[in-house]
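[1] This is a predicted model, with the sequence first.
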Amino acid sequence: MKNKKFFSCICSPGIGILDNWLPVIFELNKLNPDNKFICVLSKASVVELSDPTSELLRLAQSVFSKIAFVTHSGIWLQVDTFELAKEINTLSDERKILLRILNRLDRFVFKGLLTYLVNLVYKKLDRVKYSKYQFDSIEYAKSVNAILYDIYEEAKEYNQYFLSLNKSTPKFSIKHGLEIDVYPIVQRCDDRKSLGAIKVYMSSDSEYKYYTDTYKVKDNDILTVGITRHDKDWIDFIIKNHSSNNEQQWSDYIFIISRSLSSYFPYKKKKKALQDIKKLLIDEMKLKIIVKCHPKERNDGLYEDVFGIEQYGYTWVYTNQHPFVVGSNSKFAITFFSGVSIDMLAIGIPVIEYLDLKDLKEGEGQYFLVGKDEQAVLSYRYLGFVLGASNYLELKKHVNSILNDRIKVMDELYAVYKDNFSINGGVSRAVASDILLNISSGNELEILE
């Protein structure tokens, strides 16, 4: 078809960005079924930790014709399915052991050279082994009409290869998460020219200075639209079309939106939080728990250790269903800091954020804010999107408030949502139409050489 377009979606920093781009991609596909889409995964670890059976990737697979990804050895491949990408990028036990040994050689002067040589050998082996999946960068560069990504990832080293292939191609940005940036502005771009042609779709007017001051994006290249994945039609589509395989048929359960370990949420704190949750919700209140892990979260056996592996399937389970599906039937949700808390408010589910930052010091990898109670908090709690708990007693207080007067709690939380985000219908269709208008006419986006 004459007007068909080829879109490249850079999934960085991880698979989660598809939550915000897929509703738009589906609309682009509806507007012209001949449009083509390629998913770009620029970090090998993201590919390895992905779950091709998840609802998100099941939906993505239906629209992406190709998946381009980097291997652990640093070569780029292109395959038809997320399943094959994961299979190729899953390290063998022998290679894991070798990498572990190399990581322990910090004290040795020749570690860098040895690591380089090992990677070089694996790169040559992978080029031969996967030669039929070689990525054709020249053809890709000639074909792409638009790049869909998050401008936050513009300067990341692991994205430079793909971005360099399309320096003059129009780029369209949607934030990979739903966090409103309330931290100090950090300039990430020397001038507007270095970004090339770009248009930003904001979910909230509060993000305006983040884009103008941090990335020097011009006023007429910024548009406040709302949250694409909160389109009512998209939420209904997700819930009605989810896979029912291994679906847990519980009625009284709490939805835990998990998080990988970090400087502010180390193993010890995570274990304490889970122990408190088990004591209150499973042991005392006899409620069940459904856990959804973060896409980057590695299974270290902590949930099995705390909740009891022998109780799996009886009092708790993991899920790979979409948060809209799991959350919609839960009593409430608990996060350890996650943008999914905003998703829960969109479907009427109250959220408790259980995170203790009392010993966090600035400069440990995360800015923090001072909440109303003089405690160190992060943005969702600071802005009032969640009920914040830093200890067992606060957790219990919020659980009781939800169970005793859920409507009042939800009304207060949703009022914060309405104050911060634009609530418009048909957001994804509007964004898709705007993208097509820009790349078809070339009138709105100025190409900067």
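    Yes, it's here. Numbers count the residues shown, from 1 in each chain.

[2] pLDDT below threshold where in this protein?
    1-2, 103, 105-112, 182-196, 244-248, 360-368, 370-374, 441-449 (pLDDT under 70).

[3] Go through it and flag its longest helix.
    For the chain, the helix with the greatest residue count under DSSP state H is helix 111-129.

[4] counting contacts, what elements does it pack onto?
    Helices and strands touching helix 111-129, by 3 or more Cβ pairs under 8 Å, 6 or more residues apart in numbering; DSSP states H and E, are helix 93-103. Placement of C-beta: from N, CA and C, glycine included.

[5] Which parts of the helix it packs on count as buried, going by neighbours?
    Judged by neighbour count (16 or more other Cβ atoms under 10 Å), helix 93-103 contains these buried residues: L99.

[6] packing partners for it?
    helix 111-129.

[7] Output the helix or strand following the helix it packs on as PDB, restricted to C-alpha atoms.
    Counting by DSSP states H and E, the next helix or strand C-terminal to helix 111-129 is helix 137-143. This file holds the C-alpha atoms of helix 137-143, laid out as PDB (Å, rounded to 0.1, in the frame of the first residue of the first chain):
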ATOM      1  CA  SER A 137      21.200  -2.400   9.500                       C
ATOM      2  CA  ILE A 138      21.400  -0.900   6.000                       C
ATOM      3  CA  GLU A 139      17.900  -2.100   5.000                       C
ATOM      4  CA  TYR A 140      16.600  -1.100   8.400                       C
ATOM      5  CA  ALA A 141      18.000   2.400   8.100                       C
ATOM      6  CA  LYS A 142      16.500   2.800   4.600                       C
ATOM      7  CA  SER A 143      13.100   1.600   5.700                       C
END
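
[8] Burial check on the nearest residue to V306 once chain neighbours are set aside, number of neighbours?
    In this structure, V306 finds its nearest non-sequential neighbour in L274, 4.2 Å apart by Cβ to Cβ, 6 or more residues apart in numbering. By other Cβ atoms under 10 Å, 21 other residues sit near L274.

[9] What is the end-to-end distance of stretch 44-54?
    Using Cα to Cα, to the nearest Å, the end-to-end distance of stretch 44-54 comes out at 18 Å.

[10] Sorry, slip of the keys, the one I care about is stretch 32-47.
    OK, stretch 32-47 end separation, Cα to Cα: 29 Å.

[11] Can you give me the buried ones in that stretch?
    Here stretch 32-47 shows 35-44, 46-47 as buried, counting by 16+ other Cβ under 10 Å.

[12] Just to be sure, which of those are found in strands?
    Counting by DSSP state E, the part of the buried residues of stretch 32-47 found in strands is 36-41.

[13] angle of the longest helix of the chain against helix 93-103?
    Per axes from the mean of the first three to the mean of the last three Cα atoms, to 10 degrees, the angle that helix 111-129 makes with helix 93-103 is 160 degrees.

[14] send the alpha carbons of helix 111-129 over as CSV?
    Taking C-alpha atoms only, helix 111-129 is exported to CSV below (Å, rounded to 0.1, in the frame of the first residue of the first chain):
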residue,chain,number,x,y,z
LYS,A,111,41.1,-8.5,33.9
GLY,A,112,40.0,-6.0,31.1
LEU,A,113,42.1,-7.7,28.5
LEU,A,114,41.0,-11.2,29.5
THR,A,115,37.3,-10.1,29.4
TYR,A,116,37.8,-8.6,26.0
LEU,A,117,39.3,-11.8,24.6
VAL,A,118,36.6,-14.0,26.1
ASN,A,119,33.9,-11.7,24.6
LEU,A,120,35.7,-11.7,21.3
VAL,A,121,35.7,-15.5,21.1
TYR,A,122,31.9,-15.6,22.0
LYS,A,123,31.2,-12.9,19.4
LYS,A,124,32.9,-14.9,16.7
LEU,A,125,31.1,-18.1,17.8
ASP,A,126,27.7,-16.3,17.9
ARG,A,127,28.2,-14.8,14.4
VAL,A,128,28.6,-18.3,13.0
LYS,A,129,25.9,-20.0,15.1
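
[15] so how far is it from its chain's centroid?
    30 Å (Cα atoms, centre = their mean, to the nearest Å).
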